[in-house]
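[1] this one's structure only:
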């Protein structure tokens, strides 16, 4: 029965994407310019990452961007507030590098806004980090950990909106990675909830329709013309949906929501990886080879429809890698039983907190006929992560194909309210509201 339901879902729920190929090994030798992947100027255009968001170096790992002091928070700060965002990342190498950090301002659809740095920043426009801290202990591979906190005494943001942070290698000019974040004005007040509905076309799946009420700040004169309202599920910022049901009838407030046919999937599932122990003492580990560099782990089989935990790890879509410099990396092999035959023109990919939720050739699963399982491997640090298996069919991604159908995993939502500034031609981000289903 599960296979037949998936067959229905397969034809009903597809989102287009482009495949980014990358096959660089992280343990090759040579000069620095040869150690990284070639620079990529176009980000993967898939349903998980926003345009321009990319990890271009295979040596960059355990990337985190969150509010300082709280790794579980999304990368959102308030304009003219003392709170900072903290960027942390690690490079799988011993040598120190210098990195250049720059920022760009963006529209709600993540296209570049017309604002140059002098219009949205005060102070220095380019920043550098170097040195880093070397991992401790005798384990391999060694790595360096880098941190950068911002805004700081060298610069501040002067405009709200969507932003992109870019980290480049100072010596080569190559992009290492880029990440989105948000600066909000915290103007007006908002209350949101989630309405659970049944949509027959979605074949037994739960649907969620976010509903919000926004009390207008006094400077908004024409909300029906100047404001735009968006919802995002589970911090997949590229999947924002513009609210298409608006009510301006009440004085001083706006009610907004999604129409029923544009509701979110309400039982979106994640699998959970706990790598606190890199040995067979870990109940998720089937086999361990501690003599290999790095330690090789083979996980217990994931079985389509039966492996979800029904939980959502609180994180900022980057997982929760162990921040300690004594924590180790492992070469982790995932094994998957899809529950039905995979056609020749279909492919399975692993996506998760540990690989920036990107579709990469190195994370494509291949069938192992000796054990009749699909496998792929990747380098992951000790910690906790969410992940999924997705089906690719002729360039189309189906990230629901292998989901469990009857679990009630809590879903995280954000409501974002933008105001068009007609004088400076950019979108102000007035308010962001975080809320969850089942609460």
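    That came through fine. Not measured: the values here are computed from a predicted model. Numbering: from 1, shown residues only.

[2] buried residues in stretch 107-115?
    Within stretch 107-115, the residues that count as buried by 16 or more other CB atoms under 10 Å are 107-108, 110, 113, 115. Heads up, the C-betas are built off the backbone N, CA and C, glycines and all.

[3] what residue of the protein is the furthest out?
    In the chain, the greatest distance from the average C-alpha position (CA atoms, centre = their mean) is reached by residue 251, at 37.6 Å.

[4] Now do the SS call for that residue.
    Under the three-state scheme (DSSP: H, G, I helix; E, B strand; the rest coil), residue 251 adopts coil.

[5] ok, and the helix or strand in this protein with the lowest average confidence?
    The helix or strand of the chain with the lowest confidence, counting by mean pLDDT, DSSP states H and E, is strand 15-16 at a mean of 34.

[6] hang on, the earlier thing: how close does the residue farthest from the centre of the chain get to residue 215?
    Separation of residue 251 from residue 215 (CB to CB, to the nearest Å) stands at 11 Å.

[7] Repeat that for residue 304.
    Taking CB to CB, one finds residue 304 at 45 Å from residue 215.

[8] Would you mind listing the buried residues in the helix or strand hosting residue 119?
    Using DSSP states H and E, residue 119 maps to helix 117-120. Residues of helix 117-120 classed as buried: residue 120 (neighbour count, 16+ other CB under 10 Å).

[9] Other residues contacting it?
    Under the criterion CB atoms under 8 Å, 6 or more residues apart in numbering, residues 102-103, 105, 125, 157-159, 161, 424 lie in contact with helix 117-120.

[10] Out of these, flag the one nearest to residue 177.
    Taking CB to CB as the measure, residue 177 sits nearest to residue 102 out of the contacts of helix 117-120, at 12.5 Å.

[11] what number of residues lie near the closest one?
    15 (other CB atoms under 10 Å).

[12] helices and strands around the helix or strand containing it, which ones?
    Using DSSP H and E, residue 102 sits in strand 98-106. On a contact count with 3 or more CB pairs under 8 Å, 6 or more residues apart in numbering; DSSP states H and E, strand 98-106 meets helix 117-120, strand 127-130, strand 161-169.

[13] downstream neighbour of the longest one in the secondary structure list?
    Along the chain past strand 161-169, the next helix or strand (assigned with DSSP H and E) turns out to be strand 175-184.

[14] where's residue 375 relative to residue 298, distance?
    To residue 298, residue 375 is 9 Å away according to CB to CB.

[15] Quick check: closest non-adjacent residue to the residue nearest the centre of the chain.
    For the chain, the residue nearest the mean C-alpha position is residue 317 (4.1 Å; CA atoms, centre = their mean). Among residues not flanking residue 317 along the chain, residue 235 sits closest, at 4.4 Å (CB to CB, 6 or more residues apart in numbering).

[16] Isn't the one you found up against residue 412?
    Yes. Between residue 235 and residue 412 there is a contact at 6.6 Å, judged by CB atoms under 8 Å.

[17] Which stretches in the stretch 301-439 of the chain count as strands?
    For the stretch 301-439 of the chain, the strands defined by DSSP state E, counting those that start in this stretch cover 302-303, 320-321, 329-337, 346-352, 366-368, 373-381, 383-393, 396-398, 412-421, 426-436.

[18] ok, the residue nearest to residue 317 - contacts?
    By CB under 8 Å, 6+ apart, the contact set of residue 235 is 74, 316-317, 412, 414.

[19] ok, now with 7 Å
    When contacts are counted by CB atoms under 7 Å, 6 or more residues apart in numbering, residue 235 touches 74, 316-317, 412.

[20] any idea how far residue 150 is from residue 240?
    According to CB to CB, residue 150 stands 24 Å off from residue 240.

[21] for residue 335, that is, sorry about that
    To residue 240, residue 335 is 34 Å away according to CB to CB.

[22] Over to residue 152?
    Taking CB to CB, one finds residue 152 at 29 Å from residue 240.

[23] And residue 214, by the same measure?
    Using CB to CB, residue 214 is found at 16 Å from residue 240.

[24] cool, and residue 144?
    Residue 144 is 35 Å from residue 240, where distance means CB to CB.

[25] For residue 268, give me the pLDDT.
    Looking at residue 268, its pLDDT reads 88.

[26] sorry, that was for residue 157
    pLDDT, residue 157: 98.

[27] I'd guessed it sits against residue 115; true?
    No. Residue 157 is beyond contact range of residue 115, at 11.0 Å (criterion: CB atoms under 7 Å).

[28] For residue 224, what is the enclosing helix or strand?
    Using DSSP H and E, residue 224 sits in helix 223-226.

[29] Output the contacting helices and strands for the helix or strand following that helix.
    Scanning forward in sequence from helix 223-226 by DSSP H and E, the next helix or strand is strand 227-233. Packing partners of strand 227-233 (3 or more CB pairs under 7 Å, 6 or more residues apart in numbering; DSSP states H and E): strand 241-242, strand 412-421.

[30] and the last one, what's its mean pLDDT?
    Think strand 412-421. For strand 412-421, mean pLDDT is 97.

[31] For that strand, which strands pair with it and how are they oriented?
    Strand 412-421 sits in its sheet next to strand 227-233 (antiparallel), strand 426-436 (antiparallel), going by DSSP bridges.

[32] So which of the ones you listed is nearest residue 398?
    Checked against CB to CB, the stretch from the strands paired with strand 412-421 lying closest is strand 227-233, at 16.6 Å.

[33] what sits up against the closest one?
    For strand 227-233, the surrounding residues in contact (CB under 7 Å, 6+ apart) are 108, 210, 220, 239-243, 254, 256, 258, 264, 411, 413-419.

[34] and that strand, which residues are buried?
    Buried positions in strand 227-233, judged by neighbour count with 16+ other CB under 10 Å: 227, 229-233.

[35] do the same with stretch 277-288
    The neighbour-count check on stretch 277-288 (16+ other CB under 10 Å) flags 278, 282, 285, 288 as buried.

[36] same check, this time on stretch 196-212
    Under 16+ other CB under 10 Å, the buried positions of stretch 196-212 are 199, 202, 205-212.

[37] got JSON lines for these, with pLDDT and distance to residue 292 too?
    JSON lines is the format used below for these (pLDDT from 0 to 100; distance: CB to CB, whole Å):
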{"residue": "199", "pLDDT": "62", "distance to residue 292": "48"}
{"residue": "202", "pLDDT": "56", "distance to residue 292": "45"}
{"residue": "205", "pLDDT": "79", "distance to residue 292": "42"}
{"residue": "206", "pLDDT": "86", "distance to residue 292": "43"}
{"residue": "207", "pLDDT": "92", "distance to residue 292": "46"}
{"residue": "208", "pLDDT": "94", "distance to residue 292": "44"}
{"residue": "209", "pLDDT": "96", "distance to residue 292": "49"}
{"residue": "210", "pLDDT": "97", "distance to residue 292": "47"}
{"residue": "211", "pLDDT": "97", "distance to residue 292": "52"}
{"residue": "212", "pLDDT": "98", "distance to residue 292": "51"}
